[in-house]
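Undergrad: Here is my input; please provide its structure:
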Amino acid sequence: MSTPSTSQGLVRIVNLLFTALTGLYLLAGGAWLVAIGGSAYYVVAGVALLGVAWLLARRNAAALVLYALVLVGTAIWASWEAGPDFWALAPRSGVLVVFGVWLLLTSLRGAGGSRAGPGALLAALVVWAGVLVHAAFNDPQTVDGRFAASASPAPGAGPIAPADWPAYGRTQEGTRYSPLRQITPDNVKNLQVAWTFRTGDMKGPDDPVEITDEVTPIKIGDLLYLCSPHQKLFALDAKTGALRWTFDPKLKTDPTFQHVTCRGVSYIDLAAPNGAAVPGAAADAACTRRIYLPVNNGHLYALDALTGARCADFADRGDLDLQHAMPVTRPGMYEPTSPPVVTPRVIVVAGAVEDNFSTREPSGVIRGYDVRTGALMWAFDPGAPDPNRIPGPGEHYTWNSPNAWAPAAYDAALDIVYLPMGVSTPDIWGGNRTPDMERYASGLLALHVSTGKLAWFYQTVHHDLWDMDLPSQPTLVDIKDKDGKTVPAVYAPAKTGNLFVLDRRTGALVVPAPETPVPQGPAPGDRVAPTQPFSRLTFRPTALLTDADMWGATMYDQLVCRIMFHRLRYEGTFTPPSVQGTLVFPGNLGMFEWGGLAVDTDRKIAIANPIALPFVSRLVPRGPDNPVEPAPGTKSGGSELGLQTQYGVPYGVMLNPFLSPLGLPCKEPAWGYISAIDLNSHEIVWKKRIGTVRDSAPVPLPFKMGMPMLGGPIVTAGGVAFIGATADYYLRAFDVNTGGELWQARLPAGAQATPMTYAAGGKQYVVIAAGGHGSFGTKLGDYVIAYALP
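TA: Predicted coordinates for the structure are as follows:
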């Protein structure tokens, strides 16, 4: 049985060990940090804690007073360095405050002695309580503007039935805006599960890590169409979710595939004006209404929308081989992952090319095919001297030419397709690229759909060494200029956080994007562009990161992240890749990714969900374990993270998120936001953190820190925006006017997909695919869930 003196002795030992060991850790790590240019706080705090330990060892009550001074000094330093940001203050205070409470409680249990020490310690803890409470209600990262309450006008007659969602972005203009208004900010809280469908399509033994369920279903008439990760196509009853038919292309994968995913399918009614659906009309013949399904092995299927049968008059009985005239045809190296643009005459097809494997990879050629027969009508090879030249017998398209992997947008009036372009792979080395390879890389490419001829091109990154492609479907919106004249604009979200706004007729800038000097000093044999365009409409932080922006669960791993930060090369956006290791921020995942914008085209409000997660790019010189050329039969590792071989150039590259030894982001949160932009003024009106650590932390706590996302928002005329996407498993609804969170639904798996909405039987539904994302680390599943009002 322990005695009071024994327990007090144990408490003293614990207190002594904590203060001594923490003091030594902070002193040693802090000295290292100071030596490489970082904050001196940790040295001062370490010395002070060693002083506390010395006083505790001598049983001197002044130990509590000194510890109180450490707390107060830390509060002053943390508030100066981080401001009233609760999640930035938490690692600076957590360990010290918790120990301070322990020290206070154990000191009060002691008999007699001066009350000055406990009083000082209590006062210091009250100071910290005040700092944290103030920060909890004054987030400096939020923007709290609001739009004036007004309703979008009732939908007029148009080519798309208000109840339908017939394309990936509802329209091929990529707006993700529905005129439905049954669900409002007042009643959205009453949404309930209407039906659930399970595809049965899960990760198999031959799949890579990067298996993802990113589908946005489409809806025409009484049918909903969606594809699963292995590109199985399902037609469901829109009211009940009951299966009508299914089609399986029998995709055979292996672990070298970089992606196994399907973002969606495309639809056309060949008997309707402009290819749009005619509500209630019957099909005149088989395959008059068609679904086009892209498959990751480089094929495109045309299927009867009513039966799922292959269209016999399209290509090879409904199967179009997209590998024709490719320089390399191994499955998994060329992957159409996004739905094609479909017009009454032409299907425009592009695809993803395996990133960072070698200099001998498929072409990123963009092709136009006859919508009825699948016959090739034109080609645009972005890396060729003559992009429109179609290879003859025995010839092939250009190796490694830039590709357009994200969905494109289409302006039917101008007959122009807008393609978000990537960079010629390998992405992180450009010393071998020709002018032809760079001419149409990393920018917005506008082509005439009927001919494939160039309309215009705007480059958003020159000589891209960071994989800073345009990652999402552009959005087409008509806006007013300062003189009140209508400008047909295209909004192109970039990984850099810039939103480039261009006149979609000419490619002229609508919002200025001045060329700005950027860091120089490439790796030997490469070069760096002297300037890059920076749009005035941007979510990119204007200030450079410093070690004050580093984060951790505790002060211990935060100190490690500060040291890691100073050991990397970082001079701001577009710091060149290096053998030392370069901090890439915005990171390779981008501030914008494939989810894109949602725009209420009536009220001219854009909803965006930018993320902020740095990456580290470290060039790996060639050597015995990193040869310049692959051994015969070598295949890729099937991942865009870790060692990227980049065979054929002088360096491989290690690409990873910038994480602490505990696996947490080294940059302080938020890592994800939802925001609204007034397209009349191009001002950010509101911005909020979105997402909790519930499904990422060891303990499922719903701390709203702002989480990374993959997927995008939609917006409705009812004044509600919906989004999944976050690293926690929720579908959420937000008030378009204020950004206030109105509703959330717990999901059985990750929802790295963009939702959609439609009406059937007089009821509005909201649908989300919850199937998870392999490399993003969310739980995999096979769910498609519809919500409606009771």
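
Undergrad: For the stretch 151-300 of the chain, just list every one of the strands.
TA: 177-178, 192-198, 218-220, 223-227, 233-237, 243-247, 266-269, 289-295, 299-304 (DSSP state E, counting those that start in this stretch).

Undergrad: out of those strands, which comes closest to residue 606?
TA: When the strands of the stretch 151-300 of the chain are compared by CB to CB, strand 177-178 sits nearest residue 606, at 9.8 Å. Backbone N, C-alpha and C define where each C-beta goes, glycine included.

Undergrad: what distance separates that closest one from the centre of its chain?
TA: Distance, stretch centre to chain centre, for strand 177-178: 21 Å (CA atoms, centre = their mean, to the nearest Å).

Undergrad: Now do that strand, average pLDDT.
TA: Mean pLDDT, strand 177-178: 98.

Undergrad: What strands line up against that strand, and which way round?
TA: strand 713-716 (parallel) (DSSP bridges).

Undergrad: got a list of contacts for the strand it pairs with?
TA: Applying CB atoms under 8 Å, 6 or more residues apart in numbering, the contact partners of strand 713-716 are 170, 176-181, 183, 595, 597-600, 605, 607-609, 674, 721-723, 725, 736, 754-757.

Undergrad: ok, now with 7 Å
TA: Identification of contacts with strand 713-716 by CB atoms under 7 Å, 6 or more residues apart in numbering yields 176-178, 180-181, 183, 598-600, 607, 609, 674, 721-723, 736, 754-757.

Undergrad: on that earlier part again, with distance to residue 565 and mean neighbour count added, can I get the strands of the stretch 151-300 of the chain in CSV?
TA: Formatted as CSV, the strands of the stretch 151-300 of the chain follow (distance: least, CB to CB, whole Å; neighbours: other CB atoms under 10 Å):
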stretch, distance to residue 565, mean neighbour count
strand 177-178, 41, 29
strand 192-198, 44, 15
strand 218-220, 45, 26
strand 223-227, 42, 25
strand 233-237, 47, 21
strand 243-247, 50, 16
strand 266-269, 45, 24
strand 289-295, 41, 26
strand 299-304, 46, 24
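
Undergrad: could you dump those strands to CSV with distance to residue 21?
TA: Below are these laid out as CSV (distance: least, CB to CB, whole Å):
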stretch, distance to residue 21
strand 177-178, 57
strand 192-198, 52
strand 218-220, 60
strand 223-227, 55
strand 233-237, 58
strand 243-247, 61
strand 266-269, 62
strand 289-295, 57
strand 299-304, 61
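
Undergrad: So which of those strands is nearest residue 544?
TA: strand 177-178 (36.1 Å).

Undergrad: what does that closest one rub up against?
TA: 165, 170, 598, 599, 600, 601, 714, 715, 716, 717, 757.

Undergrad: can you pick the most crowded of these?
TA: The most crowded member of the contacts of strand 177-178, judged by other CB atoms under 10 Å, is residue 598 (30 neighbours).

Undergrad: Which pLDDT value belongs to it?
TA: Reported pLDDT for residue 598: 98.

Undergrad: and the gap between it and residue 747?
TA: The gap separating residue 598 from residue 747 is 20 Å, by CB to CB, to the nearest Å.

Undergrad: Check the burial of the closest residue to residue 399 other than its chain neighbours by counting its neighbours.
TA: Spatial nearest neighbour of residue 399, chain neighbours left out: residue 327 (4.9 Å); criterion: CB to CB, 6 or more residues apart in numbering. When neighbours are counted by other CB under 10 Å, residue 327 registers 18.

Undergrad: quick thing: my sequence starts at 699, can you match it?
TA: Sure thing, new numbering starts at 699, so read that last one as residue 1025.

Undergrad: how much space between residue 1025 and residue 1150?
TA: 20 Å.

Undergrad: Ok, residue 1225 next?
TA: 31 Å.

Undergrad: So between those two, which is more surrounded?
TA: residue 1150 (20 against 14).

Undergrad: what about residue 762, which SS state?
TA: On the three-state scheme (DSSP: H, G, I helix; E, B strand; the rest coil), residue 762 is labelled helix.

Undergrad: do residue 725 as well
TA: helix.

Undergrad: per-residue confidence at it?
TA: 96.

Undergrad: Determine the number of other residues adjacent to the residue nearest to residue 890 when sequence neighbours are not counted.
TA: Ranked by CB to CB, 6+ apart and with sequence neighbours excluded, the top spatial neighbour of residue 890 is residue 1488, at 5.5 Å. Residue 1488 has 8 neighbours, counted by other CB under 10 Å.

Undergrad: Local confidence estimate at residue 1488?
TA: pLDDT, residue 1488: 95.

Undergrad: ok, it touching residue 888?
TA: Yes - the pair residue 1488 / residue 888 is scored as a contact, 6.2 Å apart, by CB atoms under 7 Å.

Undergrad: Could you list the low-confidence segments of the stretch 899-1048 of the chain?
TA: 971-982 (pLDDT under 70).

Undergrad: Helices of that one, start to end?
TA: Counting by DSSP state H, counting those that start in this stretch, one finds no helices in the stretch 899-1048 of the chain.

Undergrad: again, but for the stretch 699-848 of the chain
TA: 702-733, 739-755, 760-780, 784-807, 814-834.

Undergrad: What angle do helix 784-807 and the shortest one make with each other?
TA: Orientation check (axes from the mean of the first three to the mean of the last three CA atoms, to 10 degrees): helix 739-755 against helix 784-807 gives 10 degrees.

Undergrad: Next, the buried residues of helix 739-755.
TA: 739-744, 746-754 (16 or more other CB atoms under 10 Å).

Undergrad: Where is pLDDT lowest across those residues?
TA: Lowest pLDDT among these: residue 754, 89.

Undergrad: ok, the nearest residue to that one once chain neighbours are set aside - contacts?
TA: In this structure, residue 754 finds its nearest non-sequential neighbour in residue 761, 4.6 Å apart by CB to CB, 6+ apart. By CB under 7 Å, 6+ apart, residue 761 lies in contact with 750, 753, 754.

Undergrad: can you redo those as TSV with distance to residue 719?
TA: As requested, the contacts of residue 761 are exported to TSV (distance: CB to CB, whole Å):
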residue	distance to residue 719
750	12
753	16
754	13
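
Undergrad: Of those, just say which sits nearest to residue 897.
TA: Residue 897 lies nearest to residue 750 out of the contacts of residue 761, by CB to CB, at 59.6 Å.

Undergrad: For that closest one, give its distance to residue 1136.
TA: 60 Å.

Undergrad: Likewise for residue 1048?
TA: Counting by CB to CB, the gap from residue 1048 to residue 1136 is 18 Å.

Undergrad: Neighbour count for the two, which is higher?
TA: residue 1048 (30 against 20).

Undergrad: how about the nearest residue to the more buried one, chain neighbours excluded?
TA: Using CB to CB, 6+ apart, the nearest residue to residue 1048 is residue 1102, at 3.9 Å.

Undergrad: and the gap between that neighbour and residue 1064?
TA: Relative to residue 1064, and taking CB to CB, residue 1102 is found at 6 Å.

Undergrad: Show me the contact partners of stretch 1217-1232.
TA: 1127-1129, 1158-1161, 1196, 1211-1216, 1269-1270, 1272-1277, 1317, 1348-1349.

Undergrad: Can you check the distance spanned by it, start to finish?
TA: 14 Å (CA to CA, to the nearest Å).
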